[in-house]
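Chemist: What follows is a predicted protein model with its sequence.
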Amino acid sequence: MKQLDRALEPYRAARKEPRPSKGWIRAIRQALGISSGELARRLGTSRQLPLQLEKSEAEDRITLKSLRAAANALDCDLVYALVPRTDSMQELIENRARSEAKNRVLGVEHSMALENQAVGRIDEAVETETQRLVRKRTSR
């Protein structure tokens, strides 16, 4: 988990940078002064494909394969990562475990309340279940 956190560290700052409104393909192509026809030639495709790729990227419909091909044609590398919104993988695991624990504990507490056997101390039970789930998920 710590190794994954270290590997993701360089990407954390990048996640805060917005994508150009018309996408990276168009932004890089225009910055390099390459026409869509030239990009088509580099891709070995029709003149329409680069424009379709630019549109599909801007609309979040592009495939990684197509994005990688466009990057290669623009002499760029595609850099791809899934970056947790939390500060660490440990925090992400704990948040997910706490949510699952809360659902489990509340479900059991509700069933017991229906039978007049409610125990109370829900917060303690949630924390205990959270720690059990975290241990289970981090011991793999």
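Modeler: Thanks, I have it.
Chemist: roughly how far apart are Gly44 and Arg104?
Modeler: From Gly44 over to Arg104 the distance is 55 Å, taken as CB to CB, to the nearest Å. All C-beta spots, glycine's among them, are computed from the backbone N, C-alpha and C.
Chemist: Who has more neighbours out of these two?
Modeler: Arg104 (15 against 9; other CB atoms under 10 Å).
Chemist: elements contacting the helix or strand that one falls within?
Modeler: Counting by DSSP states H and E, the element that carries Arg104 is helix 89-114. In this structure, helix 89-114 packs against helix 2-14, helix 122-138, with contacts taken as 3 or more CB pairs under 8 Å, 6 or more residues apart in numbering; DSSP states H and E.
Chemist: mind giving me TSV with those helices and columns for mean pLDDT, mean neighbour count and distance to Pro84?
Modeler: What follows is the helices and strands packed on helix 89-114, written out as TSV (pLDDT from 0 to 100; neighbours: other CB atoms under 10 Å; distance: least, CB to CB, whole Å):
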stretch	mean pLDDT	mean neighbour count	distance to Pro84
helix 2-14	89	11	7
helix 122-138	83	15	14
